[in-house]
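Undergrad: coords please:
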Amino acid sequence: MSALRKEVLRIAIFGAAVALLLYGSSSGVALNFVMMALYAALLAQAWNILGGYGGQFSFGHALFFGTGAYVQAIAQMQGGVNPWLALPLSALASAGVGLFVGALSFRYGLKGSYFALVTLAFAEVFRIVALSVPFTGAGVGLMVPLREGFANMQFDSRRGYALLVLALVLMALGVTCWLKHSRFGAYLQAVRDNEDAARASGVNPFRVKLGAIALSGAFMGAGGAFYVQVFQYLDPGIAYGSHTSVEALVGAIVGGMGTLWGPVVGAIALHLLADLTRNLFGQLPGINMVIYGSVLVLMIMFAPRGLSGAGQSVRALWRSRSK
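TA: Take a look at the predicted model:
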């Protein structure tokens, strides 16, 4: 069996195992944990496509999240579009924003910290615009009407939402698996490793990075649309706030950038840690950001390959100390 088929089989087994877990559990706490962990995994995998495989670090992925969330809410409330049809529109809108930002950034050779700051700046610009225009509800925000039912993508329990986000995560895993084994993915990783060498080999870095940011933005926008359906409220701070960008990048880095399963592992680990901290310290303001920052520093220092490569990091650290 080829490596690609093995990974596709693992993705299918993962999806079946989670679905069985969801149908086998009646605990609202457990269902909510699985739902939120999968939601975080979706955001982390979206960031991983651009940051992990493309090497283009973004500090403003909330830009795509917020765009998808607002398109999802506005399409149903002001356009009368069914939520199931609004979801792909949200992903396409976020991909379009990704192409716009990427065209401006990559055309002028922005990368590294410059690209990271550009994405952060665009997220802040979109937040200010959302605060100022009436169709986003300005500072008041938007409240999606409660119309419970499968046709309106509003389920009577967390199980339905968890199955929905599981489907999105499986799609993201499928695309990431394709990136690992496709020619486009090889081009993308070549650009990440050495852009000048890739260009000399006939690769067009501009087009490759544009494709990566569009894919990344699409899945991030789908995450925003999912958020709207679950919580039914959105304002500029939620849509374009830095906490979403931090959650996406920390999940990917902690789990392992540029890997298939790293973002999933990182998201689950961070949510376990967040729940444990919440039980110990209660709802302390900003405690999650403190935890994420501390974990990120420790991972970079002691396990730069993330949890998925922790074994290699431990062996390397042991060898360096034994010399």
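
Undergrad: now the element after the one helix or strand Ala225 maps to, going C-ward?
TA: In the assignment (DSSP states H and E), Ala225 maps to helix 205-231. Per DSSP H and E, helix 205-231 leads on to strand 233-234 as the next helix or strand towards the C-terminus.

Undergrad: ok, then the element right after that following strand?
TA: Where DSSP H and E defines the elements, the next helix or strand beyond strand 233-234 is helix 236-240.

Undergrad: that next one packs against which elements?
TA: Helices and strands touching helix 236-240, by 3 or more Cβ pairs under 8 Å, 6 or more residues apart in numbering; DSSP states H and E, are helix 62-77, helix 113-132. All C-beta atoms are positioned from the backbone trio N, CA, C, and that covers glycine.

Undergrad: list the buried ones in that helix?
TA: Within helix 236-240, the residues that count as buried by 16 or more other Cβ atoms under 10 Å are Pro236, Ile238, Ala239, Tyr240.

Undergrad: hang on, the earlier thing: which elements pack onto the helix holding Ala225?
TA: Judged by 3+ Cβ pairs under 8 Å, 6+ apart, helix 205-231 is in contact with helix 28-51, helix 62-77, helix 83-107, helix 158-181, helix 183-193, helix 195-200.

Undergrad: low-confidence bits of this protein, can you list those?
TA: Scanning the chain with the threshold set as pLDDT under 70 gives 1, 280-289, 292, 309-323.

Undergrad: give me the nearest residue to the most centrally placed residue in the chain, chain neighbours excluded.
TA: By Cα atoms, centre = their mean, the mean C-alpha position of the chain lies nearest to Leu43, the distance being 1.6 Å. The shortest distance from Leu43 to any non-neighbouring residue, by Cβ to Cβ, 6 or more residues apart in numbering, is to Ala248 (4.1 Å).

Undergrad: next up, the contacts around the one you found.
TA: Applying Cβ atoms under 8 Å, 6 or more residues apart in numbering to Ala248 gives the contacts Leu43, Ala44, Ala46, Trp47, His61, Phe65, Met220.

Undergrad: need these in TSV with distance to Thr277, can you?
TA: Formatted as TSV, the entries for these read as follows, by distance: Cβ to Cβ, whole Å:
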residue	distance to Thr277
Leu43	19
Ala44	19
Ala46	25
Trp47	22
His61	23
Phe65	23
Met220	25
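
Undergrad: ok, of those, which one's closest to Thr259?
TA: Among those, Ala44 lies closest to Thr259 (Cβ to Cβ), at 11.0 Å.

Undergrad: and that closest one, how many neighbours?
TA: 32 (other Cβ atoms under 10 Å).

Undergrad: so what's it up against?
TA: Taking Cβ under 8 Å, 6+ apart, we find Ala44 in contact with Glu247, Ala248, Leu249, Val250, Gly251, Ala252, Gly255, Pro263, Val264, Gly266, Ala267.

Undergrad: so the fourth one makes contact with Ala267?
TA: No: here Val250 lies out of contact with Ala267, judged by Cβ atoms under 8 Å, at a distance of 9.3 Å.

Undergrad: with neighbour numbers in mind, choose between these two.
TA: Ranked by neighbour count (other Cβ under 10 Å), Val250 and Ala267 place Ala267 first, with 28 against 24.

Undergrad: what helix or strand is that one on?
TA: Using DSSP H and E, Ala267 falls within helix 262-281.

Undergrad: for that helix, packing partners?
TA: Packing partners of helix 262-281 (3+ Cβ pairs under 8 Å, 6+ apart): helix 28-51, helix 242-255, helix 287-302.

Undergrad: just give me how far that helix sits from the chain centre.
TA: The chain centre lies 16 Å from the centre of helix 262-281; the measure is Cα atoms, centre = their mean, to the nearest Å.

Undergrad: got the buried residues for stretch 223-236?
TA: Counting neighbours by 16+ other Cβ under 10 Å, stretch 223-236 gives Gly223, Gly224, Ala225, Phe226, Tyr227, Val228, Gln229, Val230, Leu234, Asp235, Pro236 as buried.

Undergrad: show the contacting residues for the residue nearest to Asn152 when sequence neighbours are not counted.
TA: Leaving aside its sequence neighbours, Asn152 sits nearest to Pro83 (Cβ to Cβ, 6+ apart; 5.8 Å). By Cβ under 8 Å, 6+ apart, Pro83 lies in contact with Gln72, Gln76, Asn152, Met153, Gln154, Gln229.

Undergrad: do you know how far the nearest residue to the fifth one once chain neighbours are set aside is from Gly68?
TA: When the adjacent residues along the chain are set aside, Gln154 lies closest to Glu148, with 4.8 Å between them (Cβ to Cβ, 6+ apart). Distance check for Glu148 against Gly68: by Cβ to Cβ, to the nearest Å, it reads 22 Å.

Undergrad: who's more crowded, these two?
TA: Comparing Glu148 with Gly68 by other Cβ under 10 Å, the one with more neighbours is Gly68, at 33 against 9.

Undergrad: and for the residue lying closest to the more buried one once chain neighbours are set aside, the neighbour number?
TA: Nearest non-adjacent residue to Gly68, counting by Cβ to Cβ, 6+ apart: Gly221, 2.6 Å away. Residues lying near Gly221 (other Cβ under 10 Å) number 33.
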